[in-house]
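In: Predicted model, plus sequence, below.
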Amino acid sequence: EMTDVAIIGAGPAGLTLANLLQRNGISCVVLEARDRSYVEERQRAGILDHYGSEIFAAAGLAEAVIAGAPREQFLELRYEGEPHLFDGPAHAGGRSGVLVPQQLLVRRLLTTFLAGGGDLRFATPVDRINIKENRMVYAGGELTASYIAGCDGFHGVSRRSIPAAALTTYSFDHGIGWYTVLADAPPPRHALMGISEHGFAAQFGRGPKASRFYLQYDLGAGDPREWPDDHTWDQLRLRLGDPALPTGPITDREIVEMRSFVTEPMAYANLFLAGDAAHIITPMGAKGMNLALADAGVLATALTAALHDGDDAALRSYSDTCLRRTWDYQEFSRWFTEMVHDAAAAEDPFRRRLAKARFDRLWTNPKAADWFADMMAGTALI
Ligand code: APR
């Protein structure tokens, strides 16, 4: 069996690529390891930045993918309980992100691709990729493609198929623990982050009646999922500086990793890595899903030029193009992470003061505020 482009993985990266190629009249097959309900129900990211939504708008997919999604406006940052309201769109020429839970984005991308006659095979894990022959082997079959898009996430088969000597990997662990709980507690007025010597905390709305909370915890001080709920609420009240914080039953408890990882290059022969397969990023700044979509956007344009016009220049520079944005966002995420966590760095008072200076600059230097808003909105960069 043969196709122009084989896409491994139906997460945000693979599904975005599949839809963009379909719009451009390029034939592709998507092979996804899991079944449809798993893919549709996996909860993760929630913010599509302005640049991410532009990718869909440019392809005429805005209505199908982001219709009705509320715009992101204010971010409230509380420093030891003292509120500061950041109006991102006002500092970014009106550009704002939209709140699109990943499940909704994935479901809409799936529906659109299938409605357009797309070939997407669930429960079809790729076991092996023969890069020399552009061939993928899965239980019950084989597929040969002119190009392969490895959109199979951090644990997928694509990156592992590239000879180790051809790749350089970079990783960074912040040494910070994040504990998150979902609760039937009313959402905050604005997305809310608390900076405190007691540790970072945050609260984001999840629909009209629920909130997701985040708390920094000490690695090595036991599993926070075993904290009594009273302790969780006490810590949230303390760090968010709100003794009257409305609470509610906790319905989900999870640990979030604060790790970053980048693979260079993001391509080998005719295999191109996109999204988590190539890089992961700490959640501060909400860039993980947006990076995945940006890779898919660049790859779709490059594959279309190669397959329609026989011009592979953009494909050859795919990795360099995507790595520029990847490192730019990595730097932003680390900058943001340090700003909101280092207030709790009791062992390093110098770093604490630096984090305060970083925070103060946002409210005293309009150019710094513009830069912050620009990074939040996402950048075309090329
Ligand atoms: N064969 C086929 N499919 C595979 C294989 C395989 N061998 N291995 C993994 N997959 C599938 C997974 O089941 C998953 O559906 O690839 C998909 C990868 O999806 P994601 O992990 O969501 O990766 P990506 O599309 O790059 O999106 C990354 O989304 O959730 C956020 O934090 C994440 O923000 C980041 C972004």
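Out: Cool, the structure landed.

In: show me where the stretch 1-150 of the chain has strands.
Out: Applying DSSP state E, counting those that start in this stretch to the stretch 1-150 of the chain gives strands spanning 2-8, 28-31, 47-48, 74-79, 82-87, 98-99, 119-121, 126-130, 135-138, 141-150.

In: Could you list the low-pLDDT ranges of the stretch 251-382 of the chain?
Out: 381-382 (pLDDT under 70).

In: Up against the ligand, what does the stretch 101-250 of the chain have?
Out: Counting by Cβ under 6 Å from any ligand atom, the residues of the stretch 101-250 of the chain close to the ligand are Q102, P125, V126, C151, D152, G153, G156, V157. In short, each C-beta sits where N, CA and C put it, glycine included.

In: same thing but at 5 Å, please
Out: P125, V126, D152, G153, G156, V157 (Cβ under 5 Å from any ligand atom).

In: returning to that earlier point: will you turn the strands of the stretch 1-150 of the chain into JSON lines that also has mean neighbour count, distance to I250 and mean pLDDT?
Out: As requested, the strands of the stretch 1-150 of the chain are exported to JSON lines (neighbours: other Cβ atoms under 10 Å; distance: least, Cβ to Cβ, whole Å; pLDDT from 0 to 100):
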{"stretch": "strand 2-8", "mean neighbour count": "23", "distance to I250": "36", "mean pLDDT": "97"}
{"stretch": "strand 28-31", "mean neighbour count": "24", "distance to I250": "36", "mean pLDDT": "98"}
{"stretch": "strand 47-48", "mean neighbour count": "26", "distance to I250": "23", "mean pLDDT": "92"}
{"stretch": "strand 74-79", "mean neighbour count": "18", "distance to I250": "22", "mean pLDDT": "97"}
{"stretch": "strand 82-87", "mean neighbour count": "14", "distance to I250": "25", "mean pLDDT": "98"}
{"stretch": "strand 98-99", "mean neighbour count": "18", "distance to I250": "22", "mean pLDDT": "92"}
{"stretch": "strand 119-121", "mean neighbour count": "16", "distance to I250": "36", "mean pLDDT": "98"}
{"stretch": "strand 126-130", "mean neighbour count": "16", "distance to I250": "38", "mean pLDDT": "97"}
{"stretch": "strand 135-138", "mean neighbour count": "19", "distance to I250": "40", "mean pLDDT": "96"}
{"stretch": "strand 141-150", "mean neighbour count": "21", "distance to I250": "37", "mean pLDDT": "98"}
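
In: out of those strands, nearest to D242?
Out: Taking Cβ to Cβ, strand 74-79 is the member of the strands of the stretch 1-150 of the chain nearest to D242, at 8.2 Å.
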